[in-house]
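Participant: Build me a structure from this.
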Amino acid sequence: MLAHGFYCYPQFHPGLFELSSCGEYDHGLTTFSTVRTMKQLLLTPLEGPQAGCPTPLVEGVLGRGLVADPTASRKQVQVRRVRSTFRAHALARHNLPRVLFGRWWLSKRSFRIHPGTCFQLGQTRVRVCARPNDLRYRKPQLRQRELNRAIFFLPLLVMPLFLFRTFAANWLLLGVLAAITAAVGGIGIYKWRVQIRQKLPLPTPWGLYLRAQSVQAPSTHSGPLVAWISDPKKGEILKVEPGECVYLVGRHSSANLWWWLAQCGAEISAGEDCYKVSWKDGEATLAAVSDEGEVPAAATRIVLVDSPVGVSHSWFANFLNSGAKMPEVVLTEMPAETVKGTLWQHPSNRVQIGQDTSGPVFLDLADGPHALVAGTTGAGKSEALTTWLLQLALAAPPWQLNFILVDYKGGAAFGPLEGLPHVAGMLTNLDSGATERALSSLMAELKRRERAQAQGEAPGPRLVIVVDEFRELALTHPKILEDLTRIAALGRSLGVSLVLATQRPGGVVDSHIRANASIRLCLRVLEATDSMDVLGDATAASLPAIPGRAILEAAGSRRDVQISWTKPEVAMAIVRRIQAATDFVASAPWAPELPRALPLCEAAAGGGSGSVLGEADYPDRQCTDSFCLPTLGKILLCGPTRMGATTAAKTLACQVVGRPVHVFTSRPSEWKGATTVIDAPCLQAQGLSLLLAGQSAGALVIIDGIEALLANLDLSEGTGIGLELLEQLCRMDGIDLVVTVRPAQTGARWCANFSTRIYLGLTDPLDIARVGLKAKDAAQLKNPGRALVVTQEKTVVQIALPEALSAAGMPLVSTLPQPGTIAGVGIGWQGPLGTPWVPSPGRWLIAGPAGSGKSTLCSALARALAIEPEQVIDSAKGSRPPITDSTTLLTCSITELTTAFSGPLSDYAANAKIVVLAPNSAIRSWARDYDLTGMLPLPGQTKPGRGIYFDGAEAKVIQTTARTAL
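Facilitator: Reported below is the predicted structural model:
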């Protein structure tokens, strides 16, 4: 039992525990002695960083932690024991394991695991084999052909002795026969031992791996070193004599060299680029290169190899470290302080994080104050951070030490720590907008601490900013790298510490951060360059594949350390005890998030002059406040449907006092209380024409849905006319204009006239690019009503909910009554406001097709103006008599009117008031001196009695009345 809640498991086999899907140690730890007494199934990757490293098969989850393959899922296969066998079930539906059946690899959702099974996780093959009962293996033997041939010459040497018959010769004969008998017996024994040896199995990566853990006897081998250089079935053997310098050349030469060294039975020591082997008869040097041109002149022999072997650098590193005394698992237990309620009696930043060969290892945050942590997938990087932060939380109270946790691996790494009262905030890559906002506030916090320090005040509790997967953060938010560099430079004096963890430090950890990060914790990495970026050398790339094994560089010293692993249930128990010990909760150094819904009265409570739009977020000031527009002017509201553009327009409209509000929309029911709500295409065109003519100066004009308006104008006035009217309106002074538009339309020329742009709900990257923003600008615009206001600067605003709209002033246009309505005054109504139409005396000409109400209007005019029947010429009642000077009321067709360029009809029309009922497009050329915008009905929508009245000065839309339905 170690100090401060750690327990050490001595001498666990490095490969006999696996990483769970979250990168944590598996709960079912199995010691080597247990494996030796059980018929154990072993899982051995055949390629990749863990090639050759066996792992006992137990019930649990298999995935990326077993094979260290990024293409494998973190939780890919669930293994369950079914009677006396195991069965695997796929957990990742999108990434099924593949199983070898004969010569074919088949994707299977479920399969039985037995010795000989070969399956694939991601791109890595894994073989299942039974743990051998006998770890001895067959060694290669050099052929003794010369000795075998010499045996056949022995009879020729012995036969001459039988020719002598003297006593002395007989004794000589007996001596020779005894020598021959001894030689034959020795050869027989040798042959018998060879036969016994031939019955042993050939060496395997997992067999050598296991043998290295149990056999620690010193080598007594004599003679040359002989071992298999490739797959033993191929029979390729390498013999090395004392004093030789052998270089293996080939694409897989390193693996071949590791394989040979593991079998040679000599003492191995690693040099800079080579290995030295020592045994009873001497020593030799071996090295591996990929190209023959890299072999130095000192090499005594070059061996070309081209046969891959299923072993990896991790396999050989564990092989070399098999005799180390450092524990392979150190567990965190509940410390006594949390049980007795004596937490924080002696606050400190020096805590125990693990153990090495000499005992507990302590790490003091003051030695940094910044730290770099590196480690590949499955090395235990997240677990090391969890252990360190928990120990810091146990050592210092939350009013003296605060954490900001930034998890750019999905948010699961710091899950157990979220409930700590020390945690001031937790940020993830799942909400990049909130992360960028919070990190911007950190710079404001740094400035606040600078001001407090300048005034002689306490800057506040020490702030530890922990970033897991710093590389992803730096690539996603490049500006954050500059901010963190500044924090690294000034943090020591301001009580701010950085802990930056990443799998690949290369390219993101610049020289400023590296110079200020005096604490370096490097777990196992895959490439030597990653180790160089953290430690300055390639040592960490040779660490064994033991989760939690690391190299710690702090306070001017370096040491190997086994980081403690805190089980999830222990972590949760510690968090609960700390929560029970205090009611204090750390406050975040940034303002609370903007509300999702905000009444206008609450938004206006912050004060400010002008029109209140909502509540704005100011990360650089660590606060939120009311956002007001001093003047409206030209405002463009851009956003997809149902993201708050119309709401923002209504919020601005409901604050207009003493001015008319004219709304062009296709949804009139949403704009109750406006002065004018125009939804009909003809009325919309007519309304724009009146605005351009200068009517309703000083009004607020709202176009809710510019796409629908342009479509209506093109339908009513012809293609291109609507865009021309809109461009004129956008350039017009004297009115305030608010337009809602979809992102696809923001590149139009008329948009350049808007000085204020408000973007809402932009989540599509294509829409963000269309409006000219960057992805980080739109990161916080996911909620309805959340807007980015672009004036001279960019501000994120939550739009306030509007109050009831009650606008003043005269309407711009009004809808005329339907046909059949009886007028109380006059004989009908005239536009644009639907005032009574009272005709004046004089000559009248009524043109229109049959059924347009021409005769009815003729009768109504005759009655209203007391015209005698002989002064009326109605073409609908038969042949038309000649036009005389006494003719006062005349009817004709539109064709007759527009084609009468001379003659009596032309002369009569030149001095008459003209009414054209059911007009068509042919009337435009005839009435080219008049503005007919919005006066022509849409095709198929003509109404009886509806037409245009020309009084010689202007044209007006009219709707005539009758005592009976027209």
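
Participant: Only C-alpha atoms from now on, for both contacts and neighbour counts.
Facilitator: Will do.

Participant: Now do the contacts for the nearest residue to S921 once chain neighbours are set aside.
Facilitator: Leaving aside its sequence neighbours, S921 sits nearest to L936 (CA to CA, 6 or more residues apart in numbering; 7.4 Å). Applying CA atoms under 8 Å, 6 or more residues apart in numbering, we find L936 in contact with C682, S716, P919, N920, S921.

Participant: Now the buried members of those residues.
Facilitator: By neighbour count, with 16 or more other CA atoms under 10 Å, these hold C682, S716, P919, N920 as buried.

Participant: Closest to P97 out of the residues you listed?
Facilitator: Comparing the buried ones among the contacts of L936 against P97 with CA to CA picks out S716 as the nearest, at 63.1 Å.

Participant: Just confirm that closest one is within a helix.
Facilitator: Yes: with DSSP: H, G, I helix; E, B strand; the rest coil as the criterion, S716 is part of a helix.

Participant: close enough to count as contact, it and Q941?
Facilitator: No: using CA atoms under 8 Å, S716 is not in contact with Q941, being 11.2 Å away.

Participant: picking up where we left off before, present the contacts of L936 as CSV; the columns should include pLDDT and distance to S269.
Facilitator: Formatted as CSV, these follow (pLDDT from 0 to 100; distance: CA to CA, whole Å):
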residue, pLDDT, distance to S269
C682, 91, 93
S716, 86, 91
P919, 93, 103
N920, 89, 101
S921, 86, 99
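
Participant: As a check, name the ranges of all helices in the stretch 351-500 of the chain.
Facilitator: Ranges of helices within the stretch 351-500 of the chain are 381-395, 432-454, 470-476, 478-494, based on DSSP state H, counting those that start in this stretch.

Participant: Make TSV out of the ones you listed and add distance to R731, mean pLDDT and mean neighbour count.
Facilitator: Shown next, in TSV, are the helices of the stretch 351-500 of the chain (distance: least, CA to CA, whole Å; pLDDT from 0 to 100; neighbours: other CA atoms under 10 Å):
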stretch	distance to R731	mean pLDDT	mean neighbour count
helix 381-395	59	92	24
helix 432-454	36	82	19
helix 470-476	40	81	20
helix 478-494	38	76	17
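
Participant: what's the closest of those to A748?
Facilitator: Across these, closest to A748 is helix 432-454 (CA to CA), at 28.6 Å.

Participant: Just the C-alphas of that closest one, formatted as PDB.
Facilitator: What follows is helix 432-454 as a C-alpha-only set of coordinates in PDB (Å, rounded to 0.1, in the frame of the first residue of the first chain):
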ATOM      1  CA  SER A 432     -17.600  24.600 -30.900                       C
ATOM      2  CA  GLY A 433     -19.400  28.000 -30.700                       C
ATOM      3  CA  ALA A 434     -19.600  27.800 -26.900                       C
ATOM      4  CA  THR A 435     -15.900  26.700 -26.800                       C
ATOM      5  CA  GLU A 436     -14.700  29.600 -28.900                       C
ATOM      6  CA  ARG A 437     -16.800  32.000 -26.800                       C
ATOM      7  CA  ALA A 438     -15.300  30.700 -23.500                       C
ATOM      8  CA  LEU A 439     -11.800  30.700 -24.800                       C
ATOM      9  CA  SER A 440     -12.200  34.300 -25.900                       C
ATOM     10  CA  SER A 441     -13.300  35.100 -22.300                       C
ATOM     11  CA  LEU A 442     -10.100  33.500 -21.000                       C
ATOM     12  CA  MET A 443      -8.100  36.300 -22.500                       C
ATOM     13  CA  ALA A 444     -10.400  38.800 -20.800                       C
ATOM     14  CA  GLU A 445      -9.800  36.900 -17.500                       C
ATOM     15  CA  LEU A 446      -6.100  37.200 -18.100                       C
ATOM     16  CA  LYS A 447      -6.400  41.000 -18.500                       C
ATOM     17  CA  ARG A 448      -8.600  41.200 -15.400                       C
ATOM     18  CA  ARG A 449      -5.900  39.400 -13.400                       C
ATOM     19  CA  GLU A 450      -3.300  41.800 -14.800                       C
ATOM     20  CA  ARG A 451      -5.400  44.800 -13.700                       C
ATOM     21  CA  ALA A 452      -6.000  43.200 -10.200                       C
ATOM     22  CA  GLN A 453      -2.300  42.500  -9.900                       C
ATOM     23  CA  ALA A 454      -1.400  46.100 -10.900                       C
END
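
Participant: Tell me if I am right that K276 is in a strand.
Facilitator: Yes: assessed with three-state DSSP, K276 lies in a strand.

Participant: Assign I758 to helix, strand or coil.
Facilitator: Assignment for I758 (three-state DSSP): strand.

Participant: Can you lay out the contacts of L936 as a markdown table showing distance to T740?
Facilitator: Output for these, formatted as a markdown table (distance: CA to CA, whole Å):
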| residue | distance to T740 |
| --- | --- |
| C682 | 20 |
| S716 | 21 |
| P919 | 33 |
| N920 | 32 |
| S921 | 31 |
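
Participant: and of those, the nearest to G734?
Facilitator: C682 (23.9 Å).

Participant: Identify the residues contacting that closest one.
Facilitator: C682 makes contacts with N712, L713, S716, T933, G934, M935, L936, P937, L938, as judged by CA under 8 Å, 6+ apart.

Participant: Which of those residues fall in helices?
Facilitator: N712, L713, S716 (DSSP state H).

Participant: nearest to P743, of those?
Facilitator: Using CA to CA, N712 is the member of the ones in helices among the contacts of C682 that lies nearest P743, at 19.6 Å.

Participant: so that closest one makes contact with P681?
Facilitator: Yes: the pair N712 / P681 is scored as a contact, 4.9 Å apart, by CA under 8 Å.

Participant: which phi and psi does Q562 have?
Facilitator: phi -100, psi 110 (degrees, to the nearest 10).

Participant: I'd say it and P544 touch.
Facilitator: No: judged on CA under 8 Å, Q562 makes no contact with P544 at a distance of 11.2 Å.

Participant: Am I right that L521 is in a helix?
Facilitator: No: read with three-state DSSP, L521 is strand and lies in no helix.

Participant: Which stretches in the stretch 101-250 of the chain count as helices?
Facilitator: Counting by DSSP H, counting those that start in this stretch, the helices of the stretch 101-250 of the chain are 145-151, 154-158, 167-198, 205-214.

Participant: show me what contacts A847?
Facilitator: K854, T891, C892, S893, I894, L897, I914, V915, V916, L917.
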